[in-house]
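Asker: Sequence and predicted structure below; questions after.
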Amino acid sequence: MYDDLFQPGDICVPRSFTLGAATAAYQVEGGANSGGRGRSIWDTFSHTPGKTEGGATGDVAADHYHRVHIDLDLMRTLNLDAYRFSISWPRVMPTGEGAVNPDGLMFYSRLIDDLLDRGIQPIVTLNHWDLPQSLEDKYGGWRGRETAHAFETYAEIVGAALGDRVAVWSTHNEPWNNSFSGYGSGAFAPGGTSHADALAAAHHLNLSHGLAVQALRSTITRPDAQISVALNNFRIEPEGPDDADAARRFDAIANRIFTGPMLRGEYPDDLILDTAKFTDWDFVKPGDLEIAHQPIDLLGLNYYEVMHVRANPAFDPASESDGGTDFPGSERIEFVRRDDLARTGMDWGIEPRGLEEHLVALSEEFPSLPIMVMENGAAFRDTVVDVDGIPAVFDVNRVNYLSAHVAATVRAVERGANVIGYLVWSLLDNFEWTAGYGPRFGLIHIDYETLERTPKLSSRWFAELCATRALPVRTPSSEKAHAEREGLDAAATL
Ligand code: IFM
């Protein structure tokens, strides 16, 4: 279908680089009631009227649970080095603790074997937000310290079952969203609206990260396995000199609240001061920070956009709310929407140089830690077109987006950043949380009526990158063909 559209360009990624694609359990698996899976907080939340766009749920999603072999074969055609997926905790432990569901564990064990048979390395995330509902009911979810200990046991069980084969482990994915969107703003499951709770949740995620690293170290046996955490650590840029404090505040609450405990064994003093109005931090118990601060092998970075911040000139301390806003103290900060930037379908500004700068900066900040870009990608309004009876998606904007970001990653490496891999978000179109099924991030298009898979142009582009290690550029004939096709597929043009 997409033959002769690309040729190898001049920019090359290192041979040793891990190139791959990522998904998360609740976003792609479906099979909500299959194989003994328990309920997660996202089942409850998405089934609550008004919480997601159009009432979308992950009940079916991309039906990856039932179509995993089709997806594995597609992965093979993409020449992936690695596939990053998350384990659904309630599929493996339906109530989050106690009984293990052997069928659930077997699903992931087979997936790992099937990946390895195809020469694809498994990268596993333990927590991509789908907390078992029972732990929410019993302990208040991540608000409760008990959940951190339940996570430790879950990590031990999964480590013992899969740790002979998994190449890279991530304890958590984006604890920022997990805590602040889940417990403070109410935007994500379980929908809590207390900033004090969100701060407690952030701490329990930090603690549980350390507990899980220890549990994995004591159970996994693959000698070259690496342990990491995937943070959406933000590239923050103040608009002007007067906005430096706004940038510092956001950096403390969004970035250093996680890198502090996990990578340095401390909470930053300015964070404690900034949040004193919301909590006295009494949920931090003696020894917690030592536990959170475990040596890890790799830092996962999820990058989508630069956060341009400025101080809110109209800030009134009396307006500061205890919950229901984005994060504690969010009234003090404005996020600037830069009109000079091209934007994705999520309305996120496209700034590949932000990725380059951030990789260089993070590598300087944590020089001993290799970094893997664990998520990067873009949603666009993709349309399937019929070319001589064969479905196709000419997602030229995604090709441009990914090319620019891989090139930015290569530039960061040339500037000395210790980056060892790049994973596209996402392998498949999927359930984009509260935004439902509108935004499509996949290299592979999913028809949500028929569940048919259609590889997009970007999947061919990525397959060629993985095979040749040279950033593919479009051939002159492809430029011409695209121009001719524009009538068919106007949405594919930037
Ligand atoms: O879909 C999400 C993913 O679950 C976490 N990182 C950002 C992606 C795009 O919003």
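Answerer: That came through fine. Everything numeric here is computed off the predicted structure, so don't read it as measured data.
Asker: the residue most distant from the middle of this protein, which is it?
Answerer: residue 388 (36.5 Å; Cα atoms, centre = their mean).
Asker: Contacts only, for residue 178.
Answerer: The contact partners of residue 178, taken as Cβ atoms under 8 Å, 6 or more residues apart in numbering, are 127, 129, 142, 172, 188, 201, 205. For the C-beta atoms, the positions are set from N, CA and C on the backbone; glycine is no exception.
Asker: The same query, at a cut-off of 6 Å, please.
Answerer: Contact analysis of residue 178 by Cβ atoms under 6 Å, 6 or more residues apart in numbering lists residue 129.
Asker: Find me the pLDDT at it, would you?
Answerer: In this model, residue 178 is scored at 98, pLDDT.
Asker: what does residue 493 give?
Answerer: pLDDT at residue 493 comes out at 38.
Asker: what does residue 68 give?
Answerer: 98.
Asker: now swap in residue 487 and tell me
Answerer: Looking at residue 487, the pLDDT reads 50.
Asker: how about the nearest residue to residue 312 once chain neighbours are set aside, phi and psi?
Answerer: Computed as Cβ to Cβ, 6 or more residues apart in numbering, the closest residue to residue 312 that is not its neighbour in sequence is residue 334, at 4.9 Å. Main-chain dihedrals, residue 334, degrees, to the nearest 10: phi -110, psi 140.
Asker: burial measure for residue 334, as a count.
Answerer: Residue 334: 18 surrounding residues under other Cβ atoms under 10 Å.
Asker: show me where the stretch 251-400 of the chain has strands.
Answerer: 298-302, 306-311, 333-335, 371-375, 385-387, 390-392 (DSSP state E, counting those that start in this stretch).
Asker: Nearest to residue 83, out of the ones you listed?
Answerer: Minimum separation from residue 83 across the strands of the stretch 251-400 of the chain (Cβ to Cβ) falls at strand 371-375, 11.9 Å.
Asker: how near is residue 165 to residue 113?
Answerer: Taking Cβ to Cβ, to the nearest Å as the measure, residue 165 falls 7 Å from residue 113.
Asker: same thing with residue 398?
Answerer: 31 Å.
Asker: cool, and residue 468?
Answerer: Distance of residue 468 to residue 113, given as Cβ to Cβ: 28 Å.
Asker: Looking only at neighbour counts, state which of these two leads.
Answerer: When residue 468 is set against residue 113 and neighbours are counted by other Cβ under 10 Å, the residue ahead is residue 468, at 16 against 13.
Asker: Quick check: phi and psi on the more buried one?
Answerer: Dihedral pair for residue 468: phi -100, psi -20, per degrees, to the nearest 10.
Asker: Looks like it contacts residue 8 (just checking).
Answerer: Yes: under the criterion of Cβ atoms under 6 Å, residue 468 makes contact with residue 8 at 4.9 Å.
Asker: Pull up the overlap in contacts between the two.
Answerer: Between them, residue 468 and residue 8 share no contacting residue, judged by Cβ under 6 Å, 6+ apart.
Asker: Helix, strand or coil: sort out the nearest residue to residue 448 once chain neighbours are set aside for me.
Answerer: Nearest non-adjacent residue to residue 448, counting by Cβ to Cβ, 6+ apart: residue 437, 5.6 Å away. Three-state call for residue 437 (DSSP: H, G, I helix; E, B strand; the rest coil): coil.
Asker: Tell me, how many residues neighbour residue 437?
Answerer: Residue 437: 18 neighbours (other Cβ under 10 Å).
Asker: Against the ligand, how distant is it?
Answerer: Applying Cβ to the nearest ligand atom, to the nearest Å, the value for residue 437 to the ligand is 12 Å.
Asker: thinking that residue is in contact with residue 57, fair?
Answerer: No: Residue 437 lies out of contact with residue 57 (Cβ under 6 Å); the separation is 10.0 Å.
Asker: What parts of this structure come near the ligand?
Answerer: 24, 27, 174, 302, 375, 425, 432 (Cβ under 6 Å from any ligand atom).
Asker: How many residues are close by residue 270?
Answerer: By other Cβ under 10 Å, the residues close to residue 270 number 15.
Asker: Same check on the one 5 residues further on?
Answerer: Residue 275 has 24 neighbours, counted by other Cβ under 10 Å.
Asker: Tell me how far the residue nearest to it when sequence neighbours are not counted lies from the ligand.
Answerer: Closest residue in space to residue 275, ignoring its immediate chain neighbours: residue 328 at 5.3 Å, by Cβ to Cβ, 6+ apart. The gap separating residue 328 from the ligand is 22 Å, by Cβ to the nearest ligand atom.
Asker: Could you do residue 181 as well?
Answerer: Residue 181 is 11 Å from the ligand, by Cβ to the nearest ligand atom.
Asker: again with residue 404
Answerer: Distance, residue 404 to the ligand, using Cβ to the nearest ligand atom: 17 Å.
Asker: Give the full set of residues in contact with the nearest residue to that residue once chain neighbours are set aside.
Answerer: Nearest-residue entry for residue 404: residue 352, 4.1 Å, with adjacent residues in sequence omitted and distances by Cβ to Cβ, 6+ apart. Contact partners of residue 352, counting by Cβ under 6 Å, 6+ apart, are 404, 405, 408.
Asker: Just among these, which is most surrounded?
Answerer: Busiest of these [other Cβ under 10 Å] is residue 405, holding 25 neighbours.
Asker: For residue 201, identify the helix or strand it belongs to.
Answerer: Assigned by DSSP states H and E, residue 201 falls within helix 195-219.
Asker: which residues are contacting the helix or strand just after that helix?
Answerer: Using DSSP H and E, the helix or strand that follows helix 195-219 towards the C-terminus is strand 226-231. Residues outside strand 226-231 that contact it (Cβ under 6 Å, 6+ apart): 168-173, 209, 213, 216, 258, 296-298, 300, 302, 374.
Asker: Make a ChimeraX selection of whichever of the residues you listed turn out to be buried.
Answerer: Typed into ChimeraX, the line below selects the buried ones among the contacts of strand 226-231, using 16 or more other Cβ atoms under 10 Å:
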select :168,169,170,171,172,173,209,213,216,258,296,298,300,302,374
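Asker: Farthest pair within the contacts of strand 226-231?
Answerer: By the measure Cβ to Cβ, 216 and 302 form the most distant pair in those, at 20.3 Å.
Asker: For the residue nearest to residue 275, the count of nearby residues, please.
Answerer: Around residue 328 there are 26 residues (other Cβ under 10 Å).
Asker: ends of stretch 126-136, how far apart?
Answerer: End-to-end span of stretch 126-136 (Cα to Cα, to the nearest Å): 17 Å.
Asker: cool, and stretch 164-182?
Answerer: With Cα to Cα, one end of stretch 164-182 sits 33 Å from the other.
Asker: circling back: what's the separation between the residue nearest to residue 404 and the ligand?
Answerer: Counting by Cβ to the nearest ligand atom, the gap from residue 352 to the ligand is 17 Å.
Asker: Same question for residue 467.
Answerer: Distance, residue 467 to the ligand, using Cβ to the nearest ligand atom: 26 Å.
Asker: Identify the residue nearest that residue in space, chain neighbours excluded?
Answerer: Closest to residue 467 by Cβ to Cβ, 6+ apart is residue 79, at 4.6 Å.
Asker: what residue ranges in the chain score low on pLDDT?
Answerer: Applying pLDDT under 70 to the chain picks out residues 481-494.
Asker: Swap in 90 and give it another go.
Answerer: Scanning the chain for pLDDT under 90 picks out the ranges 1, 4, 474-494.
Asker: so what's whichever residue of the stretch 201-350 of the chain sits closest to the ligand bridging to?
Answerer: Of the residues in the stretch 201-350 of the chain, the one nearest the ligand is residue 302, at a distance of 5.2 Å by Cβ to the nearest ligand atom. For residue 302, the beta-bridge partners under DSSP bridges are residue 375.
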